[in-house]
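Novice: Turn this into a model:
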Amino acid sequence: MKILFSPSETKYKGGMKEQLTKDSFLFPELFNYRTEVINKYQNFIGNATDEQLVKLFGTKKQDVINYYKNNLEDAEFMKAIERYDGVAYDYLKYSDLNNDEKDYIDFNVIIFSNLYGPILASDKVQDYKLKQTEKLDNFALEDFYREHFSEQLDQFLKDEDIVDLRAGFYEKFYKISKPYTTMKFIKDGKVVSHWAKAYRGIILREMAKNNIQSISELMNMEIDNLSIHEIKEQKNKKEIVYNILE
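Specialist: Alright, predicted model coming up:
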């Protein structure tokens, strides 16, 4: 079982000083592609105008801009699943899980980082700022990672059941080439966005707590305040539509 997950634009600061090496991430054989992106990111920041930085970072706060203008070489590392601080991560409550549950997430969850590309939840990343959909000049990171990492991801996932909990944008980083399961959340007959993020975190948490290893086990897993409204199947995609009861 492998779960695909989105990152978050907000992050926790801090971590430990470490050296970035080819063994820092999933797919060490593709490390040079990651460093190519990191170098482009740092070069862009080093030469960008204030207007470009506001757009890249998604903020006009000068103190935030000044903080993220610093060279990544000086930034500390933290496990990716602990670095990100968004709605889904708040509801996941990773720090409250026991060691077995954390291991489930660490080695079964692939996060699609805007900067680093597809990484394991246990891979360590720095505190960076990069607004979703932004480019480095004309360089589209999602296109680059899709081109260079799709084959390795296909091989990595070929014998796994896949649950895709990514937001729609991150499908641009990797198009799944085999059967997979995704989810949609409705309330009062309408698709929701904020609660979709929350329930992605909740479902991932429950999968870890129940050590879910197959789609059939997932389908039988009870989740508070959710009921299955319908199941849609189209080509390789099975979509579970959940009704929010609260």
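Novice: State the number of residues packed around residue 100.
Specialist: The tally of other residues near residue 100 (other CB atoms under 10 Å) stands at 10. Heads up, the C-betas are built off the backbone N, CA and C, glycines and all.
Novice: can you tell me how far it sits from residue 88?
Specialist: 21 Å (CB to CB, to the nearest Å).
Novice: Please enumerate the helices of this protein.
Specialist: 31-47, 50-57, 62-68, 80-83, 87-92, 99-108, 141-157, 194-209, 215-219 (DSSP state H).
Novice: Between these, which one is closest to residue 181.
Specialist: Ranking the helices of the chain by proximity to residue 181 (CB to CB) places helix 215-219 first, at 5.4 Å.
Novice: list the contacts for the spatially closest residue to residue 91 that is not a sequence neighbour?
Specialist: Nearest in space to residue 91, with sequence neighbours left out and distances taken as CB to CB, 6 or more residues apart in numbering, is residue 201 at 3.3 Å. Going by CB atoms under 8 Å, 6 or more residues apart in numbering, residue 201 touches 87-93.
Novice: Pick the most deeply packed of the helices of the chain.
Specialist: Highest mean neighbour count among those (mean count of other CB atoms under 10 Å): helix 80-83, with a mean of 23.
Novice: Could you list the residues in contact with that helix?
Specialist: 7, 11-12, 15, 89, 92, 94-95, 105-106, 109, 111, 113, 119-125, 127.
Novice: change it to 6 Å
Specialist: Helix 80-83 is contacted from outside by 11-12, 94, 105, 111, 119, 121, 123, 125, using CB atoms under 6 Å, 6 or more residues apart in numbering.
Novice: Please state the offset of it from the chain centre?
Specialist: 10 Å (CA atoms, centre = their mean, to the nearest Å).
Novice: again, but for stretch 145-153
Specialist: 15 Å.
Novice: Kindly state the pLDDT recorded for residue 19?
Specialist: pLDDT for residue 19: 89.
Novice: hmm, back to that, can the contacts of helix 80-83 go into CSV with extra columns for distance to residue 225?
Specialist: As requested, these are exported to CSV (distance: CB to CB, whole Å):
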residue, distance to residue 225
11, 28
12, 27
94, 21
105, 22
111, 25
119, 31
121, 25
123, 32
125, 32
